[in-house]
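[1] what would the 3D arrangement of this be:
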Amino acid sequence: MPRVRPRSLRLRLTLVVTVAVGLALTIASFVLVNSMSNTLFGGMADAAALQVDKVADAVERGQPLPPEDPTSATMILVEDKDGKVVTSVPETGAKAVTDRPVPPERTRAAGAAGTEAMPPAEDFEIVPARTVSTPQGEVRTVRAISRSGQITQSIDLVVNSLLVAAPLLTAFVGWLTWFAVDRALRPIEAVRRRAEAISHSTLDERLPEQDTGDEVGRLTSTLNRMLDRIASGARRQREFVSDASHELRTPLAAMRAELEVSLAHRDNADWRDVATRLLDDHRRLERLTGDLLTLARLDEAAVSRRAEPVRLDEIVAGEITAVRHSEVRPSLTPVRVTGVVPELVRLVRNLLDNADKHAAGVVAVSLRQDGRDAVLAVEDDGPGVPPEQRERVFDRFFRVDGSRDRASGGVGLGLALVRRIARSHGGEVAVTSSATLGGARFEVRLPSS
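    Below you'll find the predicted structure:
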């Protein structure tokens, strides 16, 4: 049978605290009463035993009995061998005690001298007796009888008070816990209601924050920052889809126009030239879709990526041959990094393509070890990147020149891929001015292995 649990956190906390307080009070009450009883009765027994010793010593030496202690509630009886009271301290009251009828079953053994104590009356406590011999050779038993009624009444009063106070205190703690938890959960309930109203179309709304500095305030701030990230990601995704649609539409529209014009003038069309232009557009589409798929795969954190130690200098050397329009000046030092080879190849190729496209005639490529980092730098002698656009060049579909004709080449995804690949490998990329060539300098830092 499944265990039934209350669904309300407020109720669960109240029950836990109330039960815990009830158990604690029960244990504390038991310990208190037991300790009080042991202390009071133990003190009474110790005082009575001390008086028994004093009287027994006096009887044994044949001396007068010590005077009565007016503050004591203990009566000392001196009995002969037949159990008859010979004398007492104080002398009055002995008859009343000894004349009480005592059932045989209430007789109990006592102590040190091996004699039997007088059975307790209604509110009397019998302590161990002591048997001695007088100077005349007579046997005397000295025993103490203490009135325990006052102690018993005190303990009963404490017990009765605890029986009333403990449940009341437990109920009060339960009510106080319910009230405190209710007050503590009100802001969370307000946050829950607002969060339930937020959807993909209302991502600009935020949860109500309270400047309290407590856990609820910090939780609300964290959730609002999470909503900021979600809204930012959704906005980037919409922009990405919009830009991707535009970039895909452009070559498709160009290919369609090329075909329509050629078909309208099929007798005069140079079909070889048409096929060449269509093939160029197809290659552009293929590269664009490949870049989009790569970006989507890099953005998906759950995708498994097989990283391995690789020689980055060999990858760079293999991609230098792709530079066709500029003179390449390489300076490569053997460097090892841990990464995914196809992604590192794409990173190097995109940097070289970008430099080759904007260079006036020279591209410099260097690779060196800087502490624990491998530093790859690609420089050109082109116009460079304006300082105000050095971060925007890594945005998707951003191009400095803004030109979109076929001759201009890419669609603005190359450098975005470079940054995404570098960061997925624990590195970073930045653009500055080239001190030697005067154009742009792209520097990639990757952790070396």
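[2] can you tell me the SS state at Arg441?
    strand (DSSP: H, G, I helix; E, B strand; the rest coil).
[3] what residues does it make contact with?
    Under the criterion of C-beta atoms under 8 Å, 6 or more residues apart in numbering, the neighbours of Arg441 are Ala377, Val378, Glu379, Val431, Thr432, Ser433, Ser434, Ala435. (Glycine included, C-beta is placed from N, CA and C.)
[4] what do you get if the cut-off is 10 Å, keeping everything else the same?
    The contact partners of Arg441, by C-beta atoms under 10 Å, 6 or more residues apart in numbering, come to 355, 364, 366, 377-380, 384-385, 430-435.
[5] Gly290 too?
    Counted by C-beta under 10 Å, 6+ apart, Gly290 has contacts Arg346, Leu413, Leu417.
[6] 8 Å instead?
    By C-beta under 8 Å, 6+ apart, Gly290 has no neighbours at all.
[7] again, but for Leu207
    Contact partners of Leu207, counting by C-beta under 8 Å, 6+ apart, are Val191, Arg194, Ala195, Thr220, Leu223, Asn224, Leu227.
[8] kindly report the same for Thr134.
    Applying C-beta under 8 Å, 6+ apart, the residues near Thr134 are Val59, Glu60, Gly62, Arg140.
[9] so what touches stretch 332-346?
    294, 298, 305-313, 315-319, 365-369, 374, 417, 421, 424-425, 446-449.
[10] now that stretch: buried residues?
    Leu332, Val335, Val337, Gly339, Val340, Glu343, Leu344, Val345, Arg346 (16 or more other C-beta atoms under 10 Å).
[11] before we move on, what about stretch 227-236?
    Leu227, Ala231.
[12] then stretch 147-163?
    So for stretch 147-163, counting by 16+ other C-beta under 10 Å, buried means Arg147, Ser148, Ile151, Thr152, Ile155, Val158, Leu162.
[13] redo those residues as JSON lines? Include pLDDT.
    Listed next are the buried residues of stretch 147-163 as JSON lines, based on pLDDT from 0 to 100:
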{"residue": "Arg147", "pLDDT": "80"}
{"residue": "Ser148", "pLDDT": "80"}
{"residue": "Ile151", "pLDDT": "84"}
{"residue": "Thr152", "pLDDT": "86"}
{"residue": "Ile155", "pLDDT": "90"}
{"residue": "Val158", "pLDDT": "92"}
{"residue": "Leu162", "pLDDT": "92"}
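[14] run the chain-centre distance for the strand or helix carrying Arg235.
    Per DSSP states H and E, Arg235 falls inside helix 215-264. Mean-position distance between helix 215-264 and its chain equals 36 Å (C-alpha atoms, centre = their mean, to the nearest Å).
[15] could I get the full set of strands for the stretch 1-150 of the chain?
    Using DSSP state E, counting those that start in this stretch, the strands assigned to the stretch 1-150 of the chain run over residues 74-79, 85-89, 124-126, 130-133, 139-147.
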